[in-house]
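Asker: Fold the stuff below for me.
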Amino acid sequence: MKLYGSTGGSRLAKGRAAARRRNPFKPLAAVLCCLLAVEVLYFTAVYSSNSFITKWRNIYISTAMDTMSHQWLATAFIPGDVIQGVMDKRQASMDAQKGLSSGWTKTPEATEPEPDTKPTEIPAQVTEVPVQTEEEQEAQARASFFELFYEVDETSMDAYLNAHPEALDNGWDRIYINEAGLDDSGTDIETVHGEQVLAIDAVNRILLVRVEGSGWRGVLAVAKDPSRLSLQPSSQLGVVGKTAAAIAEAHNGVLAMTGSGFDDPNGNGNGGLLLGYAMCNGKALGNHSTIQGAKRLELHEDDLLYIYDASDPVGDGCTDAVEWQPALVVDGQDVVPWGYDGIHPRACIGQTDKYEILMLVIEGRLYAKGILGTDLYTCADILLRHNCMQAMSVDGGASAMLWYDGEPVIQCSNGSRDGRPLPTAFVYGRSEE
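Answerer: Numbers count the residues shown, from 1 in each chain. From the prediction side, this is the model:
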């Protein structure tokens, strides 16, 4: 009996062996084709002028070069002249900010002109003040709340209060809702911009909202009373920094965020060595930044934030200041320089046309959660959406932190709960009520 299958298999194997003997370079050709394809892709990615490729190449370079510990991700794969070209173009754009400074002033209160002569005195007439009903008092309190928190969508707020009536136990002027912690999921309340509300603190006049997009998320804090803002130092500045939480708690703060940058060799700095100039409660600290394009954010006695070049003299009436770069918004105009499209955790501080303080912190480098960070153009867009007039970027990356009423409200990129030690922090004081 013949085994046709076995004989056929043997013939097929012999045929393949013969084919291999006839084409000994076929496997090598396949490898060379793969290498050629990789080379073509590499040179396209590095040198192509296609707008889409150029955009993402610039983002990749900016993201890598902005962090000392990650620069190798660019330098190991991209020629130095290409990297330098991107960085030179960005520096030129930063240099264009030189001389750009805030020109606003606080709108004076309307006052009655003094009469030339003393008017004839008319006996005062006693008028009865109408007594408001409970319903009228409630309506007035509600109107006052929405006048202060004008960003809050009334329909969603009413729905929340219907579901949580206890939030009104102490009245509209003492509402305290806090679902902003790292383990909280926020509220069902929205802003008029469609953002999720995380916290409303009527006594301290604070609103916290969630901001997010593809690959990033963060928290924007709106602090309504600028007179409560100050820049406070670490109690051991010059030796070691303190977390935003520790600095806030030492100065009766209810809200705090990243302040000054610090010397951070290989990402191992302890926050003790201040970079650039700072002023805390009128006390000057450090030396003015010599980085090209560095700006200074100043808080003055009139409770306004002003932006100047770091090389300019400190303004009259300045009480608190920090130096970093770049400016994001000046006198209501978006001024973010070219090349700040790197994807990072971010920290920005600004002020609205109603003089409210804006504290924006974006999470990033949380790769397991798909949260990478964002660029400064996105940050400026968020701030301008909230009527920002002046804003500057401050130290981001692993230093980016926002803290509110006893707990962090963003996840630090290095995994620590309260973030890195800082030389200074912006602190918004707690109400004395």
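
Asker: hey, where'd the helices end up in the stretch 251-400 of the chain?
Answerer: Taking DSSP state H, counting those that start in this stretch as the criterion, the stretch 251-400 of the chain carries its helices at 376-385.

Asker: mind giving me the domain ranges of this structure?
Answerer: 33-95, 136-175, 186-429 (automatic domain parsing).

Asker: ok, then the element right after the helix or strand bottoming out on mean pLDDT in the chain?
Answerer: One helix or strand of the chain scores below all others by mean pLDDT, DSSP states H and E: helix 4-22, with a mean of 57. Where DSSP states H and E defines the elements, the next helix or strand beyond helix 4-22 is helix 26-47.

Asker: And the contacts of that next one?
Answerer: Arg20, Ile53, Arg57, Ile78, Pro79, Val82 (CB atoms under 8 Å, 6 or more residues apart in numbering). Heads up, the C-betas are built off the backbone N, CA and C, glycines and all.

Asker: Out of the domains of the chain, indicate the one that is most buried.
Answerer: domain 186-429 (a mean of 21; mean count of other CB atoms under 10 Å).

Asker: Would you mind measuring the gap between the ends of that one?
Answerer: One end of domain 186-429 sits 23 Å from the other (CA to CA, to the nearest Å).

Asker: Quick check: mean pLDDT of it?
Answerer: Averaging pLDDT along domain 186-429 yields 97.

Asker: Does Asn414 belong to a helix, a strand or coil?
Answerer: coil (DSSP: H, G, I helix; E, B strand; the rest coil).

Asker: Could you find the closest non-adjacent residue to it?
Answerer: Ala398 (4.4 Å; CB to CB, 6 or more residues apart in numbering).

Asker: ok, now Glu151?
Answerer: Using CB to CB, 6+ apart and skipping residues adjacent in sequence, the residue nearest Glu151 is Thr191, 4.6 Å away.

Asker: Please confirm that Ala199 is located within a helix.
Answerer: No - under the criterion used here (three-state DSSP), Ala199 is strand, not part of a helix.

Asker: Please list all residues in contact with it.
Answerer: So Ala199 contacts Ile177, Asn178, Glu179, Ala180, Ile206, Leu207, Leu208, Tyr404, Asp405 (CB under 8 Å, 6+ apart).

Asker: Tell me the confidence at the third one?
Answerer: If I follow you right, that is Glu179. Listed pLDDT for Glu179 reads 98.

Asker: I figured it hits Asp188, correct?
Answerer: No - counting by CB atoms under 8 Å, Glu179 does not reach Asp188; the two are 9.6 Å apart.

Asker: before we move on, the earlier item: can you redo the domains of the chain as CSV with distance to Thr107?
Answerer: Output for the domains of the chain, formatted as CSV (distance: least, CB to CB, whole Å):
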stretch, distance to Thr107
domain 33-95, 32
domain 136-175, 17
domain 186-429, 9
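
Asker: Which among these is found nearest to Pro108?
Answerer: Nearest of these to Pro108, taken as CB to CB: domain 186-429 at 10.9 Å.

Asker: Tell me the gap between the closest one and the middle of its chain.
Answerer: 7 Å (CA atoms, centre = their mean, to the nearest Å).

Asker: contact partners of the helix or strand containing Ala139?
Answerer: Here Ala139 sits within helix 134-148, counting by DSSP H and E. Under the criterion CB under 8 Å, 6+ apart, residues Gln132, Val152, Glu154, Met157, Gly171, Trp172, Asp173, Ile175, Ala202, Arg205, Lys224 lie in contact with helix 134-148.
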